[in-house]
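Novice: Sequence plus the predicted model coming up.
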Amino acid sequence: MNAVPIRPRKVAFDVSAVPRHWNGGDPVLTRFFDALSVHFPEGERFFIQSVRHFQDQVTDPRLREDIRHFIRQEGQHGIVHDRFNDVMAGQGINVERVTANLRRFIRTSQKYLPKKYQLAMTAAFEHFTATLGEAMLKEETDMFREADPVMRALFLWHGVEEVEHKAVAYDLYQTAAGGGYLTRASALVVAMLMVHAVVAPVFINMLRLDGALRKPGVVLRGLNRLYGRGGILTGMLPEFLAWFRPGFHPWQTGMPEKVAAWLEEYGEHGDPMRASAAVYGDAAAREAA
Ligand SMILES: [Fe+2]
Ligand SMILES: [Fe+2]
């Protein structure tokens, strides 16, 4: 059962003036999130479809409501990331080809994989996005410390909502789909292989387009901030691997305090820019003190 209420938020971000390397001027840290972002709208449509296959079998009214809100949140994520896709297309990235490839890949998977496995994969992807969302809002990560404020706010809003709805696909898989452990465990392995197979080539192409591949020092430093000791992805590992515990449930990890801070500030003014500034501003002020 979901630990916090899921609230769909209709937000919009003016991404028109976002600089090319919006994450602290670092091409690797920027393009890592860009390469994920470009896949979100199609990926999120797949999550919604996977959940819809089982929606009618749910009798619990709370889970039914959670599913409705989950669908609205993911739909809004798609809309917002689509706008940013237009910005990336303007930078010379072949967004149309990337999304067409993903669409083809998803259609083929939907044709051959049982619906229950599609839902297990969705729950697994949702575990990844929630773990990433939690990492964004953890005290020690600060992955957007020097980021463009609009992009930081966009990712924090998305991250918070991923945390809010992190158990929906999981609960649906466990109940309506009668999902078991082995399918669930294998789904995360397959999902992560897919993420790397699909996203990594796009990531590398973006870096090539930026001319960053000609600067090995820049690439190595960036990769170290992702995969090195205390890196963004390495820091996520304990929570990420918790999935493989037989009795795992997404709410066992609770949620970072900054999520609560974001929710409180957003609840007051309904402004994701202010909520983002409150979360990161606090951290900067503490450091200065
Ligand atoms: Fe999402
Ligand atoms: Fe999600």
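Specialist: Noted; the coordinates are in hand. Numbers count the residues shown, from 1 in each chain. Ligands and ions are numbered 1, 2, ... in the order given.

Novice: ok, residue 271 to residue 117 distance?
Specialist: 40 Å (Cβ to Cβ, to the nearest Å). (C-beta placed from N, C-alpha, C; glycine too.)

Novice: ok, those two, which is more surrounded?
Specialist: residue 117 (20 against 14; other Cβ atoms under 10 Å).

Novice: Report the mean confidence score over the strand or helix carrying the more buried one.
Specialist: Secondary structure from DSSP states H and E places residue 117 in helix 115-136. Across helix 115-136, the average pLDDT comes to 96.

Novice: low-confidence ranges in the stretch 151-289 of the chain?
Specialist: 282-289 (pLDDT under 70).

Novice: Now do the closest residue to ligand 2 within it: how many residues are near it, please.
Specialist: Nearest residue of the stretch 151-289 of the chain to ligand 2 (Cβ to the ion) works out as residue 162 at 4.8 Å. Residues lying near residue 162 (other Cβ under 10 Å) number 22.

Novice: can you state the direction angle for the helix or strand where it lies and helix 115-136?
Specialist: According to DSSP H and E, residue 162 maps onto helix 149-164. Calculated by axes from the mean of the first three to the mean of the last three Cα atoms, to 10 degrees, helix 149-164 forms an angle of 130 degrees with helix 115-136.

Novice: Going by neighbour count, which residues of the helix holding residue 117 are buried?
Specialist: For helix 115-136, burial by neighbour count (16 or more other Cβ atoms under 10 Å) applies to 116-136.

Novice: Quick check: residues of the stretch 1-150 of the chain near ligand 2?
Specialist: 126, 129 (Cβ under 5 Å from the ion).

Novice: chain center to stretch 229-245, what's the gap?
Specialist: A distance of 15 Å separates the centroid of the chain from that of stretch 229-245, by Cα atoms, centre = their mean, to the nearest Å.

Novice: With stretch 217-228 instead?
Specialist: 21 Å.

Novice: what's the helix holding residue 162 packed up against?
Specialist: Counting contacts by 3 or more Cβ pairs under 8 Å, 6 or more residues apart in numbering; DSSP states H and E, helix 149-164 packs against helix 61-90, helix 115-136, helix 257-269, helix 272-288.

Novice: Give me the contact list for the third one.
Specialist: Residues outside helix 257-269 that contact it (Cβ atoms under 8 Å, 6 or more residues apart in numbering): 4, 9, 134, 137-139, 156, 160, 163, 272, 274-276, 278-279, 282.

Novice: what inclination does it have with respect to helix 115-136?
Specialist: 90 degrees.

Novice: for helix 257-269, which positions count as buried?
Specialist: Those would be 258-259, 261-263, 265-266, for helix 257-269 by 16+ other Cβ under 10 Å.

Novice: Any chance of these in a markdown table with distance to ligand 2 as columns?
Specialist: Formatted as a markdown table, those follow (distance: Cβ to the ion, whole Å):
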| residue | distance to ligand 2 |
| --- | --- |
| 258 | 18 |
| 259 | 14 |
| 261 | 21 |
| 262 | 16 |
| 263 | 16 |
| 265 | 22 |
| 266 | 18 |
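
Novice: Would you mind giving those as CSV with distance to residue 60 added?
Specialist: What follows is the buried residues of helix 257-269, written out as CSV (distance: Cβ to Cβ, whole Å):
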residue, distance to residue 60
258, 30
259, 25
261, 30
262, 28
263, 24
265, 31
266, 28
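
Novice: which SS class is residue 138?
Specialist: Put simply, residue 138 is coil when judged by DSSP: H, G, I helix; E, B strand; the rest coil.

Novice: Numbering from 263 from now on, please.
Specialist: Will do, 263 is the new start, and the previous item becomes residue 400.

Novice: so who does it touch?
Specialist: With Cβ under 8 Å, 6+ apart, residue 400 has these contacts: 497, 518, 520.

Novice: Nothing else from me, thank you.
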